[in-house]
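Engineer: structure for this input, please:
(one chain, ligands or ions: 1)
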Amino acid sequence: MSVWPQYDTWAGRFSAALMPNYGVPPVALARGEGCTVWDVDGNSYLDFIAGIAVSSLGHAHPALVDAVSKQVATLAHTSNLFIHQPEVLLAERLLALLGHDGRVFFANSGTEANEAALKLVLRNAAGTGRRYVVAADNGFHGRTMGALALTGKAAIREPFGPFGLDVRFVPYGDADALKNAVTDECAGVFLEPAQGEAGVVPPPHGYLTAARQICDATGAVLVLDEIQSGVGRTGTWFAHQHEGVRPDVLTLAKGLGGGLPIGACIGVGRFGQTFAKGDHGSTFGGNPVAVAAALAVLHTIEVDGLLDHVAKVGAELSDAISALSHPLLSGIRGQGLWLAVLLAEPRAPQVQAAAQRAGFLVNAVQPDAIRLAPPLTVTSEQARSLVDALPGILDTASTEES
Ligand SMILES: *Cc1c(COP(=O)(O)O)cnc(C)c1O
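Structural biologist: Alright, predicted model coming up:
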């Protein structure tokens, strides 16, 4: 008899009814509260991945529940044929947090935010002879055809090409390579401030500043994809604020809605007005319920002082893990509550499985890297409990069959 009878049932039904593109996930979740989630068999876990950096306030946060409940009971949808007040408030709020003039387009997901950014770059280049875009090796920008064309991982991109788009890839973090690739025929450069799906890989200090200078020198549009790094994840509102670099276009999604689907493409300065009437659109984009959730997320981050909290707990977590000594542990990287635990051997799947059995949800983002992206509300005590459990988890993972 399995110890997870409900899981076994639902995993069987999942694989019979859903496409195999995700495989069959190893846990079936039933509910959550704060940083804790429960599976369908009643086991509880501390959530250190937050639905891939999405559930920024944790689960069932009263501010989010209240905002979403009120909005759905007031006006759930308008389409873009009509104005609704929350979308205006959210756009104004995002621009204020960014600290630059601009305009916002709302989408429903990360990939759609990047589709908007790509169309903006192409619209800006129309008639100029700027014919290609530059993106980074191992970068991730999404799964729809435009964003996929920019995604620097050949294994997930190449089966679906060609894309009808000239995209040139450069090694991430190499400012000279970027400089060589960006000529005055380049329409735009797409970069993450640190590469999330590649395993939370930060560039060398000064890289974003160099990218800004290269784009200024050639007239290419600098697009920063902060879909994973944005909205408090690294201890600032946006990760590029650590280096004080101004993007021309900024894309957001994941943590913005705290679990409700929303994406945003922000055009800074004149790039806020690149699109003319009719150039782009989305029926659901900026949906009032998703927007209400985002307003609640931003408000709570501010009034609860979560940026400082993220910096503090993130540093505690990172320092405590660095201080551990274990043959399977080779280091830690990242900033704020966006970290990767590095392994001396490619045993990330085993570490993820052992952590799950010990009551922690983490993510094997690379064969030798475990991503931690807990809710921004995670406490020092909860972080400590993961650190305390880690040596045992690593022991188990070291001996496990692959
Ligand atoms: C997740 C992610 C995306 C894609 O977002 P979806 O909502 O899954 O479409 C794009 N860029 C980055 C940096 C991401 O982390």
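
Engineer: after the helix or strand encompassing Ala290 comes which helix or strand?
Structural biologist: Using DSSP states H and E, Ala290 sits within helix 288-303. Going down the chain from helix 288-303, the next helix or strand is helix 306-322, by DSSP H and E.

Engineer: if we can go back for a sec, counting contacts, what elements does the helix holding Ala290 pack onto?
Structural biologist: Secondary-structure packing of helix 288-303 (3 or more Cβ pairs under 8 Å, 6 or more residues apart in numbering; DSSP states H and E): helix 62-74, helix 85-98. Just so you know, the C-beta spots here come from the backbone N, C-alpha and C atoms, and that holds for glycine as well.

Engineer: with distance to the ligand and mean pLDDT added, can I get those helices in CSV?
Structural biologist: Below are the helices and strands packed on helix 288-303 laid out as CSV (distance: least, Cβ to the nearest ligand atom, whole Å; pLDDT from 0 to 100):
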stretch, distance to the ligand, mean pLDDT
helix 62-74, 18, 98
helix 85-98, 17, 98
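
Engineer: Gly12: which of those is closest?
Structural biologist: helix 62-74 (32.0 Å; Cβ to Cβ).

Engineer: show me what counts as buried in the closest one.
Structural biologist: Neighbour counts using 16 or more other Cβ atoms under 10 Å place Ala63, Leu64, Ala67, Val68, Gln71 of helix 62-74 among the buried residues.

Engineer: which pLDDT value goes with Met1?
Structural biologist: Looking at Met1, its pLDDT stands at 60.

Engineer: before we move on, back to that, tell me which of the helices and strands packed on helix 288-303 lies nearest to Val303.
Structural biologist: helix 62-74 (8.9 Å).

Engineer: what angle do the closest one and helix 85-98 make?
Structural biologist: 150 degrees (axes from the mean of the first three to the mean of the last three Cα atoms, to 10 degrees).

Engineer: contact partners of helix 62-74?
Structural biologist: 57, 86, 258-260, 288-289, 291-293, 295-297, 299-300 (Cβ atoms under 8 Å, 6 or more residues apart in numbering).

Engineer: give me the angle between that helix and helix 288-303.
Structural biologist: Going by the same axes, to 10 degrees, helix 62-74 makes 150 degrees with helix 288-303.

Engineer: any idea of the mean pLDDT in the longest helix seen in the chain?
Structural biologist: Secondary structure of the chain read by DSSP state H shows that its longest helix is helix 380-399. Averaging pLDDT along helix 380-399 yields 98.

Engineer: alpha carbons of that helix, in CSV - could you do that?
Structural biologist: C-alpha atoms of helix 380-399 as CSV (Å, rounded to 0.1, in the frame of the first residue of the first chain):
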residue,chain,number,x,y,z
SER,A,380,14.0,33.8,9.6
GLU,A,381,12.8,30.8,11.6
GLN,A,382,11.4,29.1,8.5
ALA,A,383,14.6,29.8,6.6
ARG,A,384,16.6,28.4,9.6
SER,A,385,14.6,25.2,9.5
LEU,A,386,15.6,24.6,5.9
VAL,A,387,19.2,25.2,6.8
ASP,A,388,19.0,22.8,9.7
ALA,A,389,17.5,20.1,7.5
LEU,A,390,19.8,20.6,4.6
PRO,A,391,22.7,18.4,5.8
GLY,A,392,20.4,15.5,6.2
ILE,A,393,18.7,16.2,2.9
LEU,A,394,22.1,16.2,1.2
ASP,A,395,23.1,13.0,2.9
THR,A,396,20.0,11.3,1.6
ALA,A,397,20.5,12.7,-1.9
SER,A,398,24.2,11.6,-1.9
THR,A,399,23.3,7.9,-1.5
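
Engineer: most centrally placed residue in this protein?
Structural biologist: Gln228 (1.7 Å; Cα atoms, centre = their mean).

Engineer: what about the closest residue in space to that residue that isn't next to it in sequence, neighbour count?
Structural biologist: Counting by Cβ to Cβ, 6 or more residues apart in numbering, Gln228 lies nearest to Gly196, which is 3.8 Å off, once chain neighbours are set aside. Residues lying near Gly196 (other Cβ atoms under 10 Å) number 26.

Engineer: Gly196: what's it in contact with?
Structural biologist: Gly196 neighbours (Cβ under 8 Å, 6+ apart): Ala53, Phe140, Ile227, Gln228, Ser229, Trp338, Val365, Arg371.

Engineer: can I get the residues you listed in JSON lines with secondary structure?
Structural biologist: Listed next are the contacts of Gly196 as JSON lines, based on DSSP: H, G, I helix; E, B strand; the rest coil:
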{"residue": "Ala53", "secondary structure": "helix"}
{"residue": "Phe140", "secondary structure": "coil"}
{"residue": "Ile227", "secondary structure": "coil"}
{"residue": "Gln228", "secondary structure": "coil"}
{"residue": "Ser229", "secondary structure": "coil"}
{"residue": "Trp338", "secondary structure": "strand"}
{"residue": "Val365", "secondary structure": "strand"}
{"residue": "Arg371", "secondary structure": "strand"}
